[in-house]
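Student: quick one: sequence plus predicted model below, questions after.
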Amino acid sequence: MARFLIMEYTKINAETIDKWIEEGWEWGIPISHEAFLEAKKGNWEVGLTPTKAVPKEWFGDLKGKKILGLASGGAQQMPVFAAAGAKCTVLDYSERQLLSEKEVAEREGYAIEIVHADMTKTLPFPDESFDIVFHPVSNCYVKDVDHVFREAYRVLKKGGRLLSGLDNGLSYAFDDAQEKIVRRLPFDPLANEADMRESLETDSGVQFSHDVSEQIGGQLRAGFILKDIFGDTDAAGNFHDHNIECYFATLALK
């Protein structure tokens with residue numbers, strides 16, 4: 001059973017996210033037509049983490065740039081980049097997130113390459129294909145984040161930029177109310193049957209905590225140069241109310 005779950009956990013996650021979207025998950029709600037029109041005027045912002053906008057200087061001039069939205073389906077960010085003149089590709093394993101990308105692109109009349117794939121595998125792109133990889137919080141659904149960073153490095157052009165939203169793992173130590181410590185980190189359902197059982201029973205997907213040595217160290221080991229970083233909180237809850245950061249965003253260069 002453990003071997004089966006190691007092989008299949010990303011399939012479980014894709015199906016779980018599709019279900020969340022049908023239930024109104026906030027990260028699966030596409031941008032409106034009005035927001036797209038504003039983006040075409042230069043009035044836009046996007047997030048890598050729950051509450052803070054990414055500084056526009058992290059992107060540079062997007063016009064004509066080839067940008068990969070890595071696990072970035074849902075039509076929240078890619079339509080903005082298209083409106084700003086970028087040549088967009090989005091990769092996700094959620095069919096529902098990719099359907100939103102297709103629907104918004106058709107609604108607004110822009111081209112986008114839509115790729116249904118799993119970022120835990122080799123990315124289906126040649127070396128040095130992109131100027132920017134935009135990677136919102138999603139490593140929490142991946143056991144081996146080093147692989148993700150190595151692949152991002154491979155598909156970026158020299159001088160290319162990786163913009164990542166990352167989870168520091170803190171929330172996995174606490175109960176749902178974020179009041180009581182209930183487990184020792186790391187949180188890894190593939191290594192703990194009780195955690196796997198709870199994950200499946202609560203419809204949480206198969207998630208993993210990752211510490212700074214994985215999230216930052218993984219980028220450095222892949223060859224990236226870290227250029228900037230900021231922290232962020234949840235959008236709501238006890239940690240948010242006490243300004244306890246659970247996320248951070250990074251800008252790294254190849």
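Tutor: Okay, I see it.
Student: what sits closest to residue 223 if chain neighbours are left out?
Tutor: Sequence neighbours aside, residue 153 is the residue nearest to residue 223 in space, at 5.2 Å (criterion: C-beta to C-beta, 6 or more residues apart in numbering). Backbone N, C-alpha and C define where each C-beta goes, glycine included.
Student: okay, now that neighbour: neighbour count?
Tutor: 19 (other C-beta atoms under 10 Å).
Student: do you know the pLDDT at it?
Tutor: Note on residue 153: pLDDT of 98.
Student: doesn't it lie inside a helix?
Tutor: Yes: under DSSP: H, G, I helix; E, B strand; the rest coil, residue 153 falls within a helix.
Student: okay, helices next: where are they in the stretch 1-150 of the chain?
Tutor: Assigned by DSSP state H, counting those that start in this stretch, the stretch 1-150 of the chain shows helices spanning 2-22, 33-40, 78-83, 95-108, 145-155.
Student: to residue 126, which of those helices lies closest?
Tutor: Residue 126 sits nearest to helix 145-155 of all the helices of the stretch 1-150 of the chain, at 7.5 Å, using C-beta to C-beta.
Student: elements contacting that closest one?
Tutor: Here helix 145-155 touches strand 66-70, strand 130-135, strand 156-167, helix 212-215, helix 217-222, going by 3 or more C-beta pairs under 8 Å, 6 or more residues apart in numbering; DSSP states H and E.
Student: contact partners of it?
Tutor: Residues from elsewhere that reach helix 145-155, judged by C-beta atoms under 8 Å, 6 or more residues apart in numbering: 68, 70, 119-120, 122-123, 125-130, 133, 135, 139, 142, 162, 210, 214-215, 218-219, 221-224, 254.
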